[in-house]
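>>> Sequence and predicted structure are below.
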4 protein chains.
Amino acid sequence: MTRIRLGMVGGGAGAFIGGVHRIASRIDDRYELVAGAFSSTPEKSKASGAELGVAEARCYGDYAQMAKREARLKDGIEAVAIVTPNHVHFPAAREFLKRGIHVICDKPLTSTLSDAKKMVTAVEKSNALFVLTHNYTGYPMVRQAREMVASGRLGKIRVVQVEYPQDWLTEAAENEGLKQAEWRTDPERSGAGGCVGDIGTHAYNLASFVAGLEVESLAADLHTFVEGRRLDDNVHVMMRYAGGARGMLWSSQVAPGNENGLRLRVYGEKGGLDWAQEDPNYLWFTSFGHPTQKLTRGGAGVTETTGTRIPPGHPEGYLEGFANLYSQAADLIVAHRDGHTPDHLLPTVHDGLKGVRFIDACVRSSRKNAAWVDL
Amino acid sequence: MTRIRLGMVGGGAGAFIGGVHRIASRIDDRYELVAGAFSSTPEKSKASGAELGVAEARCYGDYAQMAKREARLKDGIEAVAIVTPNHVHFPAAREFLKRGIHVICDKPLTSTLSDAKKMVTAVEKSNALFVLTHNYTGYPMVRQAREMVASGRLGKIRVVQVEYPQDWLTEAAENEGLKQAEWRTDPERSGAGGCVGDIGTHAYNLASFVAGLEVESLAADLHTFVEGRRLDDNVHVMMRYAGGARGMLWSSQVAPGNENGLRLRVYGEKGGLDWAQEDPNYLWFTSFGHPTQKLTRGGAGVTETTGTRIPPGHPEGYLEGFANLYSQAADLIVAHRDGHTPDHLLPTVHDGLKGVRFIDACVRSSRKNAAWVDL
Amino acid sequence: MTRIRLGMVGGGAGAFIGGVHRIASRIDDRYELVAGAFSSTPEKSKASGAELGVAEARCYGDYAQMAKREARLKDGIEAVAIVTPNHVHFPAAREFLKRGIHVICDKPLTSTLSDAKKMVTAVEKSNALFVLTHNYTGYPMVRQAREMVASGRLGKIRVVQVEYPQDWLTEAAENEGLKQAEWRTDPERSGAGGCVGDIGTHAYNLASFVAGLEVESLAADLHTFVEGRRLDDNVHVMMRYAGGARGMLWSSQVAPGNENGLRLRVYGEKGGLDWAQEDPNYLWFTSFGHPTQKLTRGGAGVTETTGTRIPPGHPEGYLEGFANLYSQAADLIVAHRDGHTPDHLLPTVHDGLKGVRFIDACVRSSRKNAAWVDL
Amino acid sequence: MTRIRLGMVGGGAGAFIGGVHRIASRIDDRYELVAGAFSSTPEKSKASGAELGVAEARCYGDYAQMAKREARLKDGIEAVAIVTPNHVHFPAAREFLKRGIHVICDKPLTSTLSDAKKMVTAVEKSNALFVLTHNYTGYPMVRQAREMVASGRLGKIRVVQVEYPQDWLTEAAENEGLKQAEWRTDPERSGAGGCVGDIGTHAYNLASFVAGLEVESLAADLHTFVEGRRLDDNVHVMMRYAGGARGMLWSSQVAPGNENGLRLRVYGEKGGLDWAQEDPNYLWFTSFGHPTQKLTRGGAGVTETTGTRIPPGHPEGYLEGFANLYSQAADLIVAHRDGHTPDHLLPTVHDGLKGVRFIDACVRSSRKNAAWVDL
C-alpha cells in the first residue's frame, strides 16, 4: 500500500475546514501531505507547513507556482485539496486540472455561476479527477438512505423536507474579528449567497443525493436579519422536483439553540425516512402501516458498508475519543523527552490495577453468593 | 513537529481494536507506525505489515524479539501499543518497559490479579511511561463531567449509576467462529471475568474517573445465561464508595436492542449529571431546583477543551463522514492510475454546478419577491 | 360548586372529536352534559344520548329545535359544544348565539370565508360567549412559550417554523369507508382547504398564539398527491409576519411515520424555543450564548400554572393511565352485579401483599448488610 | 348507562392522589362521587365535599361511620376509593369490605406486613371486589409489553432492569412543611420503607406485571442520604426471579434532574423491550438480529386496545390540554353570569376568522402558482 501524495491550497493558521480535510485524509492512511500553498505569502505558508511536517521547499505562497512546480517534480503531488474561500476555488482548481493533478475541492463549487460553468469545462478538458466535498453525503446512514430510496423501499417520492439551522451568526460576529464569519458574509469572497451558499447548498445537495431527484423550479425568500450584514442569514425555499415531488428547504444562521441541525426527511407512496446529522448513526424508516424502525450504522437490516471501520455497536465519534488519549499520550511522551512529567488525566497502570481488582472482587463476591467484599 | 515512532503488538488481520488504535494515533498526526509484532508468526506479521506500510525488516513474529531489536536501533520505536488478548498484556509490556520504551496498553490491564501487580512493579521500575486505553475517559464531555464534579458543582456525591449493556453475545457466537467472541469467553485468554472484564471494567473505570471516588466494597451477582458459555455474560453489582456514596453497575452482553449502551449518571447534594456514550457530544446537567441543561462539546458553559478539533456545532463523527469521501476518492485515484473510472457516489463538478445554480436561482427568485424560477 | 349545563351538537356514534370534547369537559368536573343533537335523526340522537346518560326528552334530531327548546327550559343548557363537520358550525352556532347560549365550537371556524364573517357578526350581536377549540393552545408548555415570548425572553422575533405532518391519508382511506377521511376530503363539508383546513389551521394558529404575531402575507403551494382526492393533502407555505418576522409552515397527511407531528420553533434576537406536541410536557429554551434548557410542566423556571392538576414530576397522560384502571374496575363491578367475575389485569390484594412483602424483604436484607433474603 | 356510586376516604384539601383518583374516575364517566370521609373531622370533610359537589349529609368525619351508614342507604355507595396515607388503608378497607362495598385502594397495600396479611383475609372473606391502584400497569403500552412477553415474543426472560428515580426529596422538604414529604418520611404513617415503599413498590410491581415473573430472593441496600431523615431515600436491589431471571431495581428520591423517571427494560433469549413512563406512548421492541421498532399506542403492530379513547396519532396528554380550554371556558362562563369578562387566552371567533382567512389565502395563493397574497 502506497499513500497518495497530496497537496493543499488554503488551510493555514486560523482556518477551520483545512484541518478537517487533513484529518479526513489521514483516518484511513491513504494520503500523505507533501506540499501546500497554505497561505497567501511564502512566509506564512512555510510556517504552517512546518507545523504540518511539510518540507519547506514544498511550501508555496501561490497556488499557480505550486501547480507548475509540483507538476514537474518526479514525486510531485498526485492530488490537491482546495480549501480556500469560495472565490478562489475556480482559479486554483484550473491550475491543477490543466496539469493533470486531481482536485478535491470544498463546496460550494465557486462563488459565481459563471465560474461554475468554467469549472465544468476545465474538468471536462482535463484528464484529472474532480471531487467536491459535500461531506454529508459521506455518512454511512445517508448512503443507506439513498440506497433505500433507489431500491424503491419508499415508492415514488412525494415530499422532501430538508433543513439546516445554525445559530452562530445570531449577532454580528463578522464585526467582532471572527475570520470564519467575515468571509462568509462578504459577497466578494462568498458570492451572492450567504447562508444559502454556505449551508443551504449542503441541504440542497443532500436532499437531491438521497431522494435521487432534481429540482426543476423553486421559490425562495432570502432574508437578512442582522443589521448591516451584506448577505442573507435566513433562507426559506419551496421546491418542485422533476417527477412531481414537492419540497421545502430552510437554512438559517440566526436560530438560537441550533448548532449544526442538518436534517432530511423524505416521504414516498410507501414509506418515509428521517435522518439528522447531529445523531448521524441512526436512520428512522417507516414502511407505511408498519412500526417505525431505528436503523443503525452496520446494524441489522442495513446493507450500506461505507464507513464501517468500527463494528456494529460502536458509534462514530468513538474514534475521536480514542484519539484524544493517543494525542495526550504524545504530549506526555514529548514532555518526557525533556525530563518532565506534567499532570495528566490519562489512565495509568494504577487505574489498570484497580480495574483488575474490581474484576477479582466481582468474581469473589459472586462466588460467595454476592456477599459484600472489599476491593 | 516530528512524529513519535510507534510500534504495535497484536492488531493483525481480523483484529478489531488494533485498527482502532492505529486510526486514533493518526487523527492528530502525532505518531508514525514503524514496527510491529502484528501476529504470532513472522509470515503473518509481515503480511499485515505490508498492508500497513511497515517495512518488512521491522515486522516481527515475536514481541520479545521486537523489543530487543527496536531498543538497539538508532531510530527504534519510542512507544509501543499493545492490543492483544488480555493474557499477553503483561508479558509483552514487560519486555518494552524494561528497555525504556513507552507502553500504550489496551484494557483490562491483565487477565489475572497477580499479573496486574507485577505490571505495577514493572512500570514503577521502568523509566518509561505507561498509558492504559480506557478510551471512554477521552470523550470531551466525560472530561467536562469530571471537571464539574471536581469543582463542586454537584456537591458531595451520593449516588453513582453506571451501565454498559450490549447484545452481541445473546446467542453463542463463540461457537460460530467469531474470533472476537472466542477469546472473550475463554478464561485462559480473558481471565476469570467475562462480561465483567470486557466491559464491566470500562463502566467501573468511567464511574470512578468522573465521580472522583474509589469503590471500597461491592456485592456482585455474575451470571451466565447462554448455555455452555464459560464466563459471565451479565453482571449486577452494588457498590459502596469511600466517603459514603452508593452505586450500581450493570453490564450485559445478552440484552437485545443494546449496541454499546455505556451510560453514567452521578448525583450529589446539589445536582446531577447524565451522559450516554451513544450520544457522546451531550452532557445533561441539573443544578437542583433549576432546569436541566444540555451541554454540548465546545458549546456554551463548557470549559473542557479536549477534542475540539472541530468548532462548536459540528458533532463528532463528522470527521469519519468526511474521511469516507477522502478514502473513496483515494480508491478512485488508484483506479485512475490504471485507466479505470469505476462507478462512484462522490460529488462531482456537475453536482457543484447544480449547487451554484441553486444559489443563483434562490437569489433570482428572492429578488423577484419569491416568484417561481427554473433552475 | 355547581356544574355548567352543557349541550352538544354532533358527536354521535362513530365520531371522534365529540368524545374528546366530552372527556375534556369532565376532567375538572365543571360541566354536566344534559342535552344534545348528537346525530341528524331523533332516533340516532336518542340512541347516542342513552349511552351518554342524557335524558331522552333532551335528545334532539335537529340543532335548531334544540336551541329553541333549551332556551325556554328553566334549567336549559347554558353552553353548547358544536362538534360537527365544518360546514355545520355556522348555522348551528347562530341558533344558540341568538338565544344567549354560550358556544364552544370546534375548529376551523367555518367551511367558507363568507360564513366566517357571518359568524363574527353573530358573536358580536350576541350576549353569549364564543370559544373556538384550538386545543393545542391549551397545553401548559405552549402557554409557557407564549409567556416567554411576550415577556421579551427571546427578543424581537425573527423566524417562526411550524409543521404538522401526519400519515393517515397516505393511501385513499376516504374510499375505504373511513368516515373521518370522507368528510375531511369532501369540499362540501370541509370547504376549499383539505389538509390546510384540517391541520394547517392548527399549525397557523399555534404559531401566531405563541409568537404573538400576525401573518401579513403568504405564498402557498398546496398539492394533492393521492390520485382522485378532491382536496389538498400536502401544504407548503412561506409566511411574512407583521413586524418583519418570516415563517414556514408545512402540514401533510401523506408523510409516513408521522402520527400527529405538530412542532413549533420560534427564534428571536436573543433566544429560541422548541416545542413538539408528541412530547408536550417539555419546552426547550435557548438564551443565545447559554446552554439549552429543558423546561418541564410545573418544573423549575416555569411560571405558567395552567393544567397543573398533577404536581411537577408526573407527566400528562398519567391521568389516562389511571383512568384505565378505574374504568376497568367499573367493568368488573358491573359484571359483579350479575354474579360474574371476568378475567382481568387489575392489581389485586395479592399483588398488594407481594408489594408489602417486597418492602419487608428489602428492609430485612438491608439490615443484614444486603444479604440475600427470600420473599 | 348508569354510573357507579362512589365514595372516597381521604383526598381532602391539600392532598394529591385523591384528586387524581377523582379525575380518573370521571374520564370515562363511569362513576359518580356521592359520599366521602375526605378529612379527619366532619367540618373539614364537609368543606371538601362542598367543593366537590357532594351532599353535606354524605360527608363524614370518620370512615367507619361512613361505611355503616352508606351500607344502609338505599342508594348508598357501591364502591369506595381509599386514598389516605398507608397506615389507614387496612382499617378503612376492612370497614367497607365487611359490608360488601367494593374497595379501590391506593398503593402500597398497607404500612406493615401484618396488616397486609389481614387485608388478604378480609378480601377473601368479603363478597366485594378489591382493586389496588398500581396505576402504571394501566398504561396501554405497559399492557402491550406484558402481552408481548406472555406471547413469547421475547423468549425466556433473562434480565429485568427497572428504575424509578425522583429528585423532590434531595433536600429535607419534610422540614419545610411539605405535607406530601412529611408522611412519606414518617415510619408511623408509611411503614418501615420510605422510598422503597413509596415508589420502589411501583417499580417492583411493574417489573413483575410485564415480565410475568415472581421475585424469589433479593439483596437490598437501602440508604438515607439526607441527614435526619427517618426512612430510606435511595434503594439499590438485586433480584433473582423464579425461573432464573436476574434483575436490578433502583429507586431514589435524591437524584437531581429526575422527575418521575420510572423505566422498565426486559430482555429475553429472543428479544428486548424498553418503556419509560415520562414518554408513555412509546414502547421500543427489538427482536434479536432485527432493527429496533418504535411501537406507539394504537399504532401499527400494536394489539393492546386499552386506553384508545383517542385514535392512533394523538398522544395521551392531549385530553388534558383540551380540558384546560374547557375548564377555562367554565371560568369565563361563571364570570359572565356576574357580568364580568376577565382577560383570557381562549381562542375567539376572531381567531377563527383568521384561521379561515388563512385557508382562503392559501387556496388563493396556490391557485396563482404560490404568488404572495395578503391575508
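Cool, the structure landed. Numbers count the residues shown, from 1 in each chain, chains lettered A, B, ... in the order given.
>>> So what's the residue count around A:Glu124?
11 (other C-beta atoms under 10 Å in any protein chain shown). Quick note: C-beta positions are derived from backbone N, CA and C, even for glycine.
>>> which SSE is it in?
helix A:113-125 (DSSP states H and E).
>>> Which positions in chain A make contact with chain D?
A:219, A:238, A:285, A:289-296, A:299-301, A:370 (C-beta under 8 Å from any C-beta of the partner chain).
>>> Among these, which one lies nearest to C:His223?
For those, the closest approach to C:His223 (C-beta to C-beta) belongs to A:Met238, at 10.5 Å.
>>> who does the closest one bridge with?
A:Ala219, A:Met248 (DSSP bridges).
>>> ok so, going back, quick one: which of the residues of chain A next to chain D is most hemmed in?
Ranking the residues of chain A next to chain D using other C-beta under 10 Å puts A:Ala219 first, with 27 neighbours.
>>> wait, what's in contact with it?
A:237-238, B:365, B:370-373, C:219, C:221, C:238, D:370 (C-beta atoms under 8 Å, 6 or more residues apart in numbering or on different chains).
>>> List just the nearest of those residues to D:Gln161.
Using C-beta to C-beta, the contacts of A:Ala219 come closest to D:Gln161 at A:Val237, 46.4 Å.
>>> Could you measure from that closest one over to chain D?
A:Val237 is 12 Å from chain D, where distance means C-beta to the nearest C-beta, to the nearest Å.
>>> Tell me, how many residues neighbour that residue?
29.
>>> Quick check: the gap between it and B:Ala370.
9 Å (C-beta to C-beta, to the nearest Å).
>>> next one: A:Pro91
33 Å.
>>> same thing with A:Val149?
Taken as C-beta to C-beta, the span from A:Val149 to B:Ala370 is 28 Å.
>>> where in the stretch 1-150 of chain A is pLDDT low?
A:1 (pLDDT under 70).
>>> leaving aside the residues next to it on the chain, what's closest to the residue in it that chain B sits nearest to?
In the stretch 1-150 of chain A, the residue that lies nearest chain B is A:Leu109 (2.9 Å; C-beta to the nearest C-beta). Nearest in space to A:Leu109, with sequence neighbours left out and distances taken as C-beta to C-beta, 6 or more residues apart in numbering or on different chains, is B:Gly352 at 2.9 Å.
>>> which residue ranges form the strands in chain A?
With strands called from DSSP state E, chain A shows them at A:4-9, A:31-37, A:79-82, A:102-105, A:130-132, A:157-165, A:215-223, A:234-241, A:246-252, A:263-268, A:271-276, A:282-287, A:292-296, A:373-374.
>>> Dump those strands into CSV; add distance to C:Val226 as well.
Putting the strands of chain A into CSV (distance: least, C-beta to C-beta, whole Å) gives the following:
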stretch, distance to C:Val226
strand A:4-9, 51
strand A:31-37, 50
strand A:79-82, 47
strand A:102-105, 43
strand A:130-132, 37
strand A:157-165, 9
strand A:215-223, 22
strand A:234-241, 18
strand A:246-252, 14
strand A:263-268, 12
strand A:271-276, 15
strand A:282-287, 17
strand A:292-296, 21
strand A:373-374, 67
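>>> closest one to B:Ile77 among the ones you listed?
strand A:31-37 (20.1 Å).
>>> Whether that closest one contacts chain B - can you check?
Yes. Contact of strand A:31-37 with chain B (C-beta under 8 Å from any C-beta) involves A:Tyr31.
>>> I'd guessed the residue of the stretch 1-150 of chain A closest to chain B sits against A:Ala116; true?
Yes. The pair A:Leu109 / A:Ala116 is scored as a contact, 5.1 Å apart, by C-beta atoms under 8 Å.
>>> Need the residues touching each of those two.
The contact lists of A:Leu109 and A:Ala116 share A:90, B:352-353, B:356, where a contact means C-beta under 8 Å, 6+ apart.
>>> Against D:Leu169, how distant is A:Ile82?
A:Ile82 is 60 Å from D:Leu169, by C-beta to C-beta.
>>> any shared contact partners between A:Val237 and B:Ala370?
With C-beta under 8 Å, 6+ apart, A:Val237 and B:Ala370 have common neighbours A:219-221.
>>> which among those residues gets closest to chain C?
A:Asp221 (5.1 Å).
>>> what about the closest one, neighbour count?
A:Asp221, neighbours per other C-beta under 10 Å, totals 23.
>>> who's in contact with it?
A:235-237, B:366, B:370, C:219, C:238, C:240, C:246.
>>> These into CSV, with extra columns for pLDDT and distance to A:Glu269?
Shown next, in CSV, are the contacts of A:Asp221 (pLDDT from 0 to 100; distance: C-beta to C-beta, whole Å):
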residue, pLDDT, distance to A:Glu269
A:Val235, 96, 29
A:His236, 96, 27
A:Val237, 96, 24
B:Ser366, 89, 32
B:Ala370, 88, 29
C:Ala219, 94, 27
C:Met238, 96, 26
C:Arg240, 96, 33
C:Arg246, 97, 32
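>>> hmm, back to that, find me the pLDDT at the residue nearest to A:Leu109, would you?
Here the pLDDT value assigned to B:Gly352 is 82.
>>> Tell me if I'm right that it and A:Asp106 touch.
No. B:Gly352 is not in contact with A:Asp106 according to C-beta under 8 Å; the separation is 10.0 Å.
>>> Neighbour count for those two, which is higher?
Just comparing B:Gly352 and A:Asp106: by other C-beta under 10 Å the higher neighbour count belongs to B:Gly352, 28 against 23.
>>> mind listing what the more buried one touches?
Counted by C-beta under 8 Å, 6+ apart, B:Gly352 has contacts A:105, A:107-110, A:116, A:119, A:132.
>>> cutoff 7 Å now
B:Gly352 makes contacts with A:107-109, A:116, A:119, A:132, as judged by C-beta atoms under 7 Å, 6 or more residues apart in numbering or on different chains.
>>> Likewise for A:Arg22?
A:11, A:33.
>>> 8 Å instead, please
Counted by C-beta under 8 Å, 6+ apart, A:Arg22 has contacts A:8, A:11, A:33, A:52, B:29.
>>> Between those, which sits nearest chain C?
Out of the contacts of A:Arg22, the member with the shortest distance to chain C (by C-beta to the nearest C-beta) is A:Gly11, at 28.7 Å.
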